[in-house]
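> Give me a model of this one.
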Amino acid sequence: MLRECPACEREFRWHVSADEDEGLPAPADGYSCPYCKKQAPPDSWFTKAQADFLTATALHEMVGPQLDEMLGGLASDSGLLRVEVTSSVAGEKPPPLDENFDAETRRVEFSCHPTEPVKVDRDWQGPVYCVICSSTQH
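As a prediction, the model looks like this:
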């Protein structure tokens, strides 16, 4: 799954286990960035595109029908003047995200947490840190 560090804003790919029981609980101090080692809470790792998509989807699914219902009674037609109120706040249903999974990356595995590999930019020259415990992997 594509993720973005809230501190350095670099993107990386993080293995998502098909079996939720395999995954480890979130560390108490949050996950670590594999590039800069900064820690952040579990809900801080969305890319900008993912955050925009989630917001647009929530608006479309939850707010749109409520606004349509509230504003629907405001339309009138007197014969001389027609007034129609529509809502575009929720907009169209957002298209699915097109995350570039073909980007040039290299897989890094950690002996400390072998079920939590990451993929970082192929050209990254610095150390790579474990997202769980911040151990360094070169």
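
> Can you tell me the closest non-neighbouring residue to Arg106?
Excluding the flanking residues, the one nearest Arg106 by Cβ to Cβ, 6 or more residues apart in numbering is Arg122, at 4.9 Å. The C-beta positions use only the backbone N, C-alpha and C, and glycine is treated the same way.

> what's the neighbour count on the one you found?
By other Cβ atoms under 10 Å, the residues close to Arg122 number 9.

> What is the top helix by length along the chain packed up against?
Longest helix in the chain by number of residues (criterion: DSSP state H): helix 48-58. Counting contacts by 3 or more Cβ pairs under 8 Å, 6 or more residues apart in numbering; DSSP states H and E, helix 48-58 packs against strand 2-4.

> Show me what counts as buried in the strand it packs on.
Using 16 or more other Cβ atoms under 10 Å as the test for burial, strand 2-4 gives Leu2, Arg3, Glu4.

> What segments of the protein are strands?
For the chain, the strands defined by DSSP state E occupy 2-4, 11-14, 31-32, 39-40, 76-77, 82-83, 105-108, 118-121, 128-129, 136-137.

> close enough to count as contact, His60 and Lys93?
Yes: if you go by Cβ atoms under 8 Å, His60 and Lys93 touch, sitting 5.1 Å apart.
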